[in-house]
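Engineer: let's see this in three dimensions:
(one chain, ligands or ions: 1)
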Amino acid sequence: MMSSQPSSLHIAFFPYLVHGHMIPTIDMARIFARKGVKASIICTPNNASLFSKTIERDREQGYDISFLTIKFPSAEVGLPEGCEHGNSLYTEEMLTKFHKATTLLQEPLEQLLKEHNPDCLVADMMYPWATEAASSVEIPRLVFHGMSSSARCMFDCLYRYKPHKNVESDFDPFILPGLPDQITMTKLQVPPFIKEENQDAIQIFEAELNCYGVVLNSFYELEPAYIEHYRRVMGRKAWQIGPVSLCNKDNEDKLQRGGLGSIYEQVYCLTWLASKEPNSVLYICFGSRFNFSAVQFLEIAKALESSGVKFIWVVNTGQEMKSDEDNEEWLPEGFEKKMEGKGLIIRGWAPQVLILDQEATGGFMTHCGWNSILEGVAAGVPMITWPLQAEQFCNEKLVTDVLRIGVGVGAQEWTRSHERKILLRKEGIEKAVSRLMVGVEAEDFRKRAEALKEMAGKAIEQGGSSYSDLNALLEELRSIKSG
Ligand SMILES: O=c1ccn([C@@H]2O[C@H](COP(=O)(O)OP(=O)(O)O[C@H]3O[C@H](CO)[C@@H](O)[C@H](O)[C@H]3O)[C@@H](O)[C@H]2O)c(=O)[nH]1
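Structural biologist: This next block holds a predicted model:
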């Protein structure tokens, strides 16, 4: 099945080097390869090795997909050698250095494009300079947005009208003007990079204007009004081709998605989950980056215990637990023993998509990273939303106010990682858990989530909205290629 016809497309995919961006980009590249495209994923060696088994399996099935490796300039910016993954950085200073290193990738990227001659470059939104690199070899550049269309529209509204500037108090809600729904926010929930009009962030969003178009991991039926707004009001040329996670069909792919964690621990967790009643378990995970303080972990643990709900709780995703070195207790004494059979703590990386797929999973407490929301939607699981940073407060509005498939836990404030404070107390967390898992509204949330699951499945099938968008995009790229 390896495509060797001269007329077939060769597309290079260049993900930002954090899991929340690499995972969907790799899925996307695999989807394109299944359409007969030669897919080259540009990645640093250590990151590529995390996904190599998945890619190898696709190659064995005859798909033309491979990595093109690029050296990460860690030493040049003062990061330790081999430090090339955004999730392994613990301080703001390291994050800044990491981002600086990515900006040094433009020249090696141009070299790689010259050597391998792809027909198109799909590069992450975090690389605004990638359009220039693509122009240097005269190919179109598509931006891959890890965000939802609704969040993108909300950010545009905040940039354009600055409604937060007209309110005095940090806590007063204001309306985001000109959007399809009445969305309200407070100043505390607006990302600092928007309030401070950070030039890097402005460049990232303005890069959309100069590129050929934008590919998004979403599907039309999920946020139709925002997709229309994005295309017609904001005037962007955009294709929605998700949920990309649904390209993982077999358990092996789903288990190894992300390339992290112990297989033994993951299989144990799935076996544990399979022994539970349908819709009885709450899955709790805050994505691949964020880590709470020990004091906040304690509040979550106390809330879980007193809610009486069964749970799987992922802590310390991909990072070392900081509280141990601080000598702080992050779980109540004897918690795990007391919770045996009722709750499971995963220290590390969970097989999220497989957990969400299981019948026993009845709810998902999430930080509202877009991949997590979409994976929850694709599995028909209602959510407890606890947004923390990035565009997550916007995603929360979509889940709780527009789609009405979840309840907010009451998060008030955009937060930096590792903040040493309590964001939410036990009582508020417990209330949200009970509302989602056992309350009278739970059935309504679940019904709406089930309906969206069906729509997500249909979107990627032949004739579905994402399937058609992908075909239209490929058609357009072929016609550019043939001049
Ligand atoms: O134990 C874990 C933890 C995470 N995941 C996966 O990791 C991804 C996490 O992505 P996401 O939910 O989007 O969270 P972040 O990693 O925090 O993602 C960053 O990137 C996203 C896409 O741009 C943004 O929406 C988020 O706000 C931003 O924090 C998902 O595919 C999860 O399935 C696992 O499989 N197991």
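Engineer: spell out for me which residue occupies the centre of this protein.
Structural biologist: Centroid-nearest residue in the chain, with CA atoms, centre = their mean: N371, separated by 3.2 Å.
Engineer: mind listing what it touches?
Structural biologist: Shown in contact with N371 (CB atoms under 8 Å, 6 or more residues apart in numbering): G20, I23, P24, G146, N217, S245, G287. The C-beta positions use only the backbone N, C-alpha and C, and glycine is treated the same way.
Engineer: looking at it, S293 is touching K421, isn't it?
Structural biologist: Yes - if you go by CB atoms under 8 Å, S293 and K421 touch, sitting 6.4 Å apart.
Engineer: so what pLDDT did the residue in the stretch 251-400 of the chain that the ligand sits nearest to get?
Structural biologist: The ligand sits closest to G369 of the stretch 251-400 of the chain, with a gap of 2.3 Å, by CB to the nearest ligand atom. pLDDT recorded at G369 is 97.
Engineer: that one and L388, how far apart?
Structural biologist: Note on G369: its distance to L388, by CB to CB, to the nearest Å, is 9 Å.
Engineer: more crowded one of the two?
Structural biologist: G369 (26 against 22; other CB atoms under 10 Å).
Engineer: neighbours around G308, how many?
Structural biologist: 12.
Engineer: downstream of the lowest-mean-pLDDT helix or strand in the chain, the next helix or strand is which one?
Structural biologist: One helix or strand of the chain scores below all others by mean pLDDT, DSSP states H and E: helix 322-326, with a mean of 45. Per DSSP states H and E, the first helix or strand lying C-terminal to helix 322-326 is helix 335-338.
Engineer: contacts for the helix or strand following that next one next, please.
Structural biologist: Next along the chain after helix 335-338, taking DSSP H and E as the criterion, comes strand 343-347. If you take CB under 8 Å, 6+ apart as the criterion, strand 343-347 is touched by 261, 265, 269, 272-273, 304, 310-316, 321, 331, 336.
Engineer: those also near the ligand: which ones?
Structural biologist: V314 (CB under 6 Å from any ligand atom).
Engineer: more crowded one of S293 and K421?
Structural biologist: S293 (19 against 10).
Engineer: dihedrals phi and psi, the more buried one?
Structural biologist: Here is the backbone geometry of S293 (degrees, to the nearest 10): phi -80, psi 160.
Engineer: from the contacts of strand 343-347, which land in strands?
Structural biologist: Using DSSP state E, K310, F311, I312, W313, V314, V315 are the members of the contacts of strand 343-347 that sit in strands.
Engineer: and stretch 89-100, is it in reach of the ligand?
Structural biologist: No - Stretch 89-100 lies out of reach of the ligand by CB under 6 Å from any ligand atom, never closer than 12.1 Å.
Engineer: what residues does the stretch 101-250 of the chain put near the ligand?
Structural biologist: G146, M147.
Engineer: what ranges do the strands span in the stretch 101-250 of the chain?
Structural biologist: Per DSSP state E, counting those that start in this stretch, the stretch 101-250 of the chain carries strands over the ranges 120-124, 141-145, 174-175, 184-185, 213-216, 238-240.
Engineer: most packed of the ones you listed?
Structural biologist: Ranked by mean neighbour count under mean count of other CB atoms under 10 Å, these are led by strand 120-124, which reaches a mean of 26.
Engineer: what's the neighbour count on F290?
Structural biologist: If you count neighbours by other CB under 10 Å, F290 ends up with 20.
Engineer: just read off the phi/psi values of it.
Structural biologist: According to degrees, to the nearest 10, F290 has phi -80, psi 140.
Engineer: dump the contacts of N371 to TSV, plus pLDDT.
Structural biologist: Listed next are the contacts of N371 as TSV, based on pLDDT from 0 to 100:
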residue	pLDDT
G20	95
I23	97
P24	98
G146	91
N217	98
S245	97
G287	90
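Engineer: name the helices or strands packed onto the longest helix anywhere in the chain?
Structural biologist: Secondary structure of the chain read by DSSP state H shows that its longest helix is helix 442-460. Counting contacts by 3 or more CB pairs under 8 Å, 6 or more residues apart in numbering; DSSP states H and E, helix 442-460 packs against helix 370-379, helix 426-437, helix 465-481.
Engineer: JSON lines please, covering those and showing distance to Y230.
Structural biologist: Compiled in JSON lines, the helices and strands packed on helix 442-460 are given as follows (distance: least, CB to CB, whole Å):
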{"stretch": "helix 370-379", "distance to Y230": "14"}
{"stretch": "helix 426-437", "distance to Y230": "30"}
{"stretch": "helix 465-481", "distance to Y230": "13"}
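Engineer: okay, these, which one's buried deepest?
Structural biologist: Of the helices and strands packed on helix 442-460, the one with the most neighbours on average (mean count of other CB under 10 Å) is helix 370-379, at a mean of 26.
Engineer: distance from it to the middle of the chain?
Structural biologist: Centroid displacement of helix 370-379 relative to its chain, using CA atoms, centre = their mean, to the nearest Å, is 9 Å.
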